[in-house]
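Enquirer: this one's sequence-less:
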Ligand code: AMP
């Protein structure tokens, strides 16, 4: 597909200017693929990972299709986690304001009252399924005016057990709506749900897995290290690497807390980010991280979902990813928006086989082999 400008895709001048103010000049591939279809009113199924620009891919045509005089909420964006919901709001706020539209966000862990009020008068409501159901139960507003429904990271919403809640919510949205379904996969359960919720949808796939473009942005390194030596090797990476912000992935919440403590004992300051932290704690941790006050954030997969922070130069997988998709999501926190990044995966003896499978799937077997032989993989294909 030829590369068009935002204006040529049908985006209005106020929105083009708002994008320009944020340094966004040319559409990313996924935006090129879907913006026109959405503006024409089609349902869309898009296979598109985080970091590809998917938020604006649905956000831009969404703000173009609504009017300030529309009854509210006029569009509903469902997202699996509060972090992702907030990021969507941040990403859409300015372009929505350029068209005189309000965006509100609703997620658990904070007071209901204010969110209910703001949701009722927002043109675009971004919400996690659980909190949205709480608000609907209070009859704070209805979904009967929703013209456009977006499911973002739909596969993850299903993984997190939100299917029943999402089903109930979708049943409350008018049938003649436009539905936009964004998911890292359109296979299996996600594909079935996508089919059930959409009507004559246009399907688009933004290919990244194992593609040359992804490899060009991110250097993938595999480091053989046995379980007991991981802390020391991690510390060495954090101290020696020429790095900016670093995100370290662990499997469990307890593991995150424990690792932060052990790093501190070794003189490396780090913060933990996981689902047992309060909203305030998460926000403070994220703020210090973004500001570069603490340059190491230790996170679980769920907590890091949707984390969109500029300046993450390194992602370190202290615990191995369970599958290729998790690998892609984790390492995708670096190399955002065309920047370069480094993804480092610790490989314990007991994980070699599973990681071998993942590496093959992602076409990173060369890098894994080099890593296991103690050679630093060549970054660029
Ligand atoms: P997302 O995949 O929506 O999480 O977006 C990843 C990052 O890319 C965000 O920081 C966006 O602000 C940025 N971004 C999205 N579209 C563009 C674009 N066309 N040009 C430059 N940056 C973009």
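Expert: Ah, there it is. Please read all numbers here as calculations on a predicted model, not as lab measurements. Numbering: from 1, shown residues only.

Enquirer: all strands for the stretch 1-150 of the chain, in order.
Expert: 44-47, 75-78, 103-106, 124-127, 148-151 (DSSP state E, counting those that start in this stretch).

Enquirer: state the next helix or strand along the chain beyond the last one.
Expert: So that's strand 148-151. Using DSSP states H and E, the helix or strand that follows strand 148-151 towards the C-terminus is helix 154-159.

Enquirer: does that next one reach the ligand?
Expert: No - judged by CB under 6 Å from any ligand atom, helix 154-159 stays clear of the ligand, getting no closer than 13.2 Å. C-beta: built from backbone N, CA, C; applies to glycine.

Enquirer: what's the average pLDDT for that helix?
Expert: For helix 154-159, the mean pLDDT works out to 90.

Enquirer: run through who's touching that helix.
Expert: Here helix 154-159 makes contact (CB atoms under 8 Å, 6 or more residues apart in numbering) with 78-81, 129, 151, 163, 166, 181-185, 189-190, 193-194, 305.

Enquirer: one more time with 7 Å
Expert: The contact list for helix 154-159, computed with CB atoms under 7 Å, 6 or more residues apart in numbering, reads 78, 80, 129, 151, 166, 181-185, 189-190, 193-194, 305.

Enquirer: and for stretch 231-241?
Expert: Stretch 231-241 is contacted from outside by 223, 225, 246, 248, 262-263, 266, 268, 296, 314, 316, 318, 344, 346, using CB under 7 Å, 6+ apart.

Enquirer: now do stretch 166-174
Expert: Residues from elsewhere that reach stretch 166-174 (CB under 7 Å, 6+ apart): 76, 78, 129, 132, 133, 136, 143, 144, 146, 149, 157, 197.

Enquirer: could you report the neighbour count for the fifth one?
Expert: Right, residue 133. By the other CB atoms under 10 Å criterion, the neighbourhood of residue 133 contains 18 residues.

Enquirer: show me what contacts residue 74?
Expert: Applying CB under 7 Å, 6+ apart, one finds that residue 74 lies in contact with 66, 123, 145, 146, 147.

Enquirer: quick one: pLDDT of the fourth one?
Expert: Pointing back at residue 146 there. 98.

Enquirer: verify the stated contact: it with residue 77.
Expert: No - counting by CB atoms under 7 Å, residue 146 sits too far from residue 77 to count as a contact (10.2 Å).

Enquirer: more neighbours, these two?
Expert: Shown here are residue 146 and residue 77; by other CB under 10 Å, residue 77 has more neighbours (27 against 21).

Enquirer: which stretches in the stretch 201-350 of the chain count as strands?
Expert: With strands called from DSSP E, counting those that start in this stretch, the stretch 201-350 of the chain shows them at 202-205, 218-224, 245-249, 271-273, 296-299, 312-317, 341-347.

Enquirer: now mean pLDDT, distance to residue 101 and mean neighbour count too, for these, in CSV please.
Expert: Supplementary listing: the strands of the stretch 201-350 of the chain in CSV, determined by pLDDT from 0 to 100; distance: least, CB to CB, whole Å; neighbours: other CB atoms under 10 Å:
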stretch, mean pLDDT, distance to residue 101, mean neighbour count
strand 202-205, 90, 24, 16
strand 218-224, 92, 35, 21
strand 245-249, 95, 32, 25
strand 271-273, 92, 31, 24
strand 296-299, 96, 32, 26
strand 312-317, 94, 30, 24
strand 341-347, 94, 34, 24
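
Enquirer: enumerate the positions of stretch 287-303 that are buried.
Expert: Across stretch 287-303, burial judged by 16 or more other CB atoms under 10 Å covers 289, 294, 295, 296, 297, 298, 299, 300, 301, 302, 303.

Enquirer: ok, is that stretch in contact with the ligand or not?
Expert: No - Stretch 287-303 lies out of reach of the ligand by CB under 6 Å from any ligand atom, never closer than 12.3 Å.

Enquirer: residue numbers of the protein in contact with the ligand?
Expert: Listed as neighbours of the ligand in the chain under the rule CB under 6 Å from any ligand atom: 24, 26-28, 31, 50-56, 91, 308, 336-337.
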